[in-house]
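Peer 1: attaching a predicted model along with its sequence, questions to come.
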Amino acid sequence: MATSPFKDDCLKGRVALITGGGSGIGFEIARQIGLHGGKVVIMGRRAKFLQEAVDALKRDEIDADCYVGDVRIRESAKGAVDFTVGKFGKLNVLVNGAAGNFLANAHELALKGFKTVLEIDTVGVFNMSTAAFPALAASGDAAVINISMTLHYGATWFQAHACAAKAAIDALTRSLALEWGAHGIRVAGIAPGAIADTPGMAKLTPGLSAGADWAKERVPLGRMGATRDIALAAVYLCSGAGAYVSGHTLVVDGAEWLWRAPAVAPREVSALSRAAERGSRAMGVQQQQQQPKSKL
């Protein structure tokens, strides 16, 4: 197991509720919060799946439990919060990780599919956050972390629905941070890039692996991310290290969203620069020679 850069008790006494915590990024966030001393409840819609995830967390000696519910339903959101407070006595951290996505041409995307993604992602964040507000405010030292993405920073093919949903989540992150700071609640986001071995990557980019040439070419750091990269960002945001971070969405993508194909191959830049400099000097000399001599 890789050594964490954080102290293993930096989240001691913290209680976290993680939606979408049964697999992928959400599960690893729950795991890392637990490994750093926190107690966790994971929420999802499939009981057997969630229980298997809880069993895995307990094998790592993490105090964990699960709640079967749907973030789209207000009563379900409130039920998850009540369950967490009833189980562990309080709620310090809410991680909104539940999400839905699929590839679709915008002109072929049914309204039902578009609405489903917005309801899981955006409405889910609003439902969970507002349902958790009383418990978070009562803790006096709380954090909400919204899992976003970078695909809407420009535009992404076949992702009109998800881009709309995540752009709205980023706006909610800022609005809630503005309003809830006075209640002792920080609200921040994490925007993952391409994360290997997750259900989302398997669904959106079939066959893409951690060693893919795609990552070497398009990610400046030269690799796809790991769920641990996102989870440790979450540990930072809900620990004392992130105590003054609110209203910001932290991009964790190896600088992938900044990537553009260079207009000139890097190996050619120096030679072209020297040639341009020589040409500029030669032009300057020629212009001087063509200047009429002054008559004294």
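Peer 2: That came through fine. Residues are numbered from 1 along each chain as shown.
Peer 1: who's in contact with residue 100?
Peer 2: By CB atoms under 8 Å, 6 or more residues apart in numbering, residue 100 lies in contact with 116, 117, 120, 121. In this view, the C-beta of every residue, glycine as well, is placed from N, C-alpha and C.
Peer 1: same check on residue 234?
Peer 2: Shown in contact with residue 234 (CB under 8 Å, 6+ apart): 29, 32, 33, 95, 145, 190.
Peer 1: ok, now residue 220?
Peer 2: So residue 220 contacts 254, 255, 256, 258, 259 (CB under 8 Å, 6+ apart).
Peer 1: quick one: pLDDT of it?
Peer 2: With respect to pLDDT, residue 220 has a value of 94.
Peer 1: helix, strand or coil for it?
Peer 2: coil (DSSP: H, G, I helix; E, B strand; the rest coil).
Peer 1: doesn't residue 145 fall inside a strand?
Peer 2: Yes. Checked against three-state DSSP, residue 145 lies within a strand.
Peer 1: all helices of the stretch 51-200 of the chain, in order?
Peer 2: Counting by DSSP state H, counting those that start in this stretch, the stretch 51-200 of the chain has these helices, from start to end: 74-88, 111-118, 124-139, 160-180, 199-204.
Peer 1: residue 51: which of these is closest?
Peer 2: Residue 51 sits nearest to helix 74-88 of all these, at 14.3 Å, using CB to CB.
Peer 1: can you list the residues that contact that closest one?
Peer 2: Contacts for helix 74-88 (CB under 8 Å, 6+ apart): 15, 17, 19, 39, 41, 43, 63, 65, 67, 69-71, 91, 124, 127-128, 130-132, 135.
Peer 1: how about that helix: buried residues?
Peer 2: Neighbour-count burial for helix 74-88, counted by 16 or more other CB atoms under 10 Å, picks out 76, 77, 78, 79, 80, 81, 83, 84, 85, 87, 88.
Peer 1: make TSV out of the contacts of residue 100 and add distance to residue 11.
Peer 2: Below are the contacts of residue 100 laid out as TSV (distance: CB to CB, whole Å):
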residue	distance to residue 11
116	33
117	31
120	27
121	26
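Peer 1: which one of the residues you listed sits closest to residue 9?
Peer 2: residue 121 (33.1 Å).
Peer 1: who's in contact with the nearest residue to that closest one once chain neighbours are set aside?
Peer 2: The spatially closest residue to residue 121, leaving aside those adjacent along the chain, is residue 165, at 3.8 Å (CB to CB, 6 or more residues apart in numbering). Contact analysis of residue 165 by CB under 8 Å, 6+ apart lists 117, 118, 120, 121, 122.
Peer 1: phi, psi for the closest residue to the third one other than its chain neighbours please.
Peer 2: Closest residue to residue 120 in three dimensions, ignoring its sequence neighbours and counting by CB to CB, 6+ apart: residue 100, at 4.1 Å. With angles defined as degrees, to the nearest 10, residue 100 shows backbone torsions of phi -130, psi 140.
Peer 1: and residue 100, how far from residue 50?
Peer 2: 17 Å (CB to CB, to the nearest Å).
Peer 1: residue 130 too?
Peer 2: The value you get for residue 130 to residue 50, if CB to CB is used, is 23 Å.
Peer 1: between the two, which is the more surrounded one?
Peer 2: residue 50 (23 against 14; other CB atoms under 10 Å).
Peer 1: what segments of this protein are strands?
Peer 2: Taking DSSP state E, the strands of the chain run over residues 15-19, 39-44, 64-68, 93-96, 142-147, 185-192, 249-252.
Peer 1: so which of these is the most packed in?
Peer 2: Stretch with highest mean neighbour count among those: strand 93-96 (a mean of 30; mean count of other CB atoms under 10 Å).
Peer 1: please enumerate residues in contact with that strand?
Peer 2: 14-21, 26, 29-30, 33, 38, 71, 124-125, 128-129, 132, 136, 142-147, 169, 234, 238.
Peer 1: quick check: phi and psi at residue 262.
Peer 2: In terms of degrees, to the nearest 10, the main-chain angles of residue 262 are phi -70, psi 140.
Peer 1: neighbours of residue 37, how many?
Peer 2: Neighbour count of residue 37, defined by other CB under 10 Å: 18.
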